[in-house]
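Asker: Structural data only, the sequence is not supplied:
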């Protein structure tokens, strides 16, 4: 188990970070640059949690604080990732920015990050409090729902990005049980694997788009 999970985690991190670098190197449009930054943010943020998790399998040391802080960093960077997905949507489809929608996206992200900062989350002890797991994820799920709906509405106008809304939806369906109940039922943590697969497919969509013109494919 530890070898399989560790190999998967390392390959995922390498894919996210390397693909982000490739996208930034090849970027010719604002949307492509935003895709590259989103991949790097996701990979770098997840590394704070996954690297200590892998080390915990093979090194005889106490990684409790490192794992907890890693979860905190990942929670923040995941939030930033979805804010970047909003700007990818704006740039890729050439949408006129709606100030009310932009404000809602930023407010949900700020509330999520603020709730993550409360000591009641128990990051340093790497413990999962169900109440705070619910509270801090309410604005995050709302943010994800907004982004998912935006991409869903454009699914018929775009060929390459058509499944993006599905990847976002599935990632949240796999994530929510873990965020809320993993502390009581540790086996729920296994759902993070299919969630990560959804992220890989999303980043692969971004990566492949850098070989195109960065505009919606009819």
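Answerer: Alright, I've got the coordinates. All of these numbers come straight from a predicted model, not from anything done at the bench.
Asker: What score does residue 183 have for pLDDT?
Answerer: We note a pLDDT of 66 for residue 183 in this prediction.
Asker: and what of the one 3 residues further on?
Answerer: At residue 186, the pLDDT value in this model is 75.
Asker: burial measure for it, as a count.
Answerer: 11 (other Cβ atoms under 10 Å). For glycine as for every other residue, the C-beta is placed from the backbone atoms N, C-alpha and C.
Asker: for this structure, which spans come out with low pLDDT?
Answerer: Applying pLDDT under 70 to the chain flags residues 1, 183, 212-218.
Asker: Please enumerate the helices of it.
Answerer: Along the chain, counting by DSSP state H, helices occupy 2-26, 30-58, 64-93, 99-116, 130-153, 164-181, 192-209.
Asker: dump the residue contacts of the closest residue to residue 152 other than its chain neighbours.
Answerer: Among residues not flanking residue 152 along the chain, residue 165 sits closest, at 4.1 Å (Cβ to Cβ, 6 or more residues apart in numbering). If you count contacts by Cβ atoms under 8 Å, 6 or more residues apart in numbering, residue 165 has them with 148, 149, 151, 152, 155.
Asker: related to what we said a few turns ago, to residue 123, which of the helices of the chain lies closest?
Answerer: helix 64-93 (4.1 Å; Cβ to Cβ).
Asker: Packing partners of that closest one?
Answerer: In terms of contacts (3 or more Cβ pairs under 8 Å, 6 or more residues apart in numbering; DSSP states H and E), helix 64-93 is packed against helix 30-58, helix 99-116, helix 130-153.
Asker: any idea how far it is from the chain center?
Answerer: Helix 64-93 has its C-alpha centroid displaced from the chain centroid by 5 Å (Cα atoms, centre = their mean, to the nearest Å).
Asker: I figured residue 53 was touching residue 70, is that so?
Answerer: Yes. The pair residue 53 / residue 70 is scored as a contact, 7.4 Å apart, by Cβ atoms under 8 Å.
Asker: Give the residue from those two that has the larger number of neighbours.
Answerer: Remark: of residue 53 and residue 70, residue 70 carries more neighbours, 22 against 19, as counted by other Cβ under 10 Å.
Asker: Show the contacting residues for residue 123.
Answerer: Counting by Cβ under 8 Å, 6+ apart, residue 123 has contacts 68, 69, 71, 72.
Asker: Distance-wise, check it relative to residue 72.
Answerer: As for residue 123, its distance to residue 72 is 4 Å (criterion: Cβ to Cβ, to the nearest Å).
Asker: Quick check: the spatially most central residue of the chain vs residue 199, distance?
Answerer: For the chain, the residue sitting closest to the mean C-alpha position, by Cα atoms, centre = their mean, is residue 78 at 4.0 Å. Residue 78 sits 9 Å away from residue 199, taking Cβ to Cβ as the criterion.
Asker: who touches both of those two?
Answerer: By Cβ under 8 Å, 6+ apart, residue 78 and residue 199 have these common neighbours: residue 42.
Asker: Give me the buried entries from the contacts of residue 123.
Answerer: By neighbour count, with 16 or more other Cβ atoms under 10 Å, the contacts of residue 123 hold 68, 69, 71, 72 as buried.
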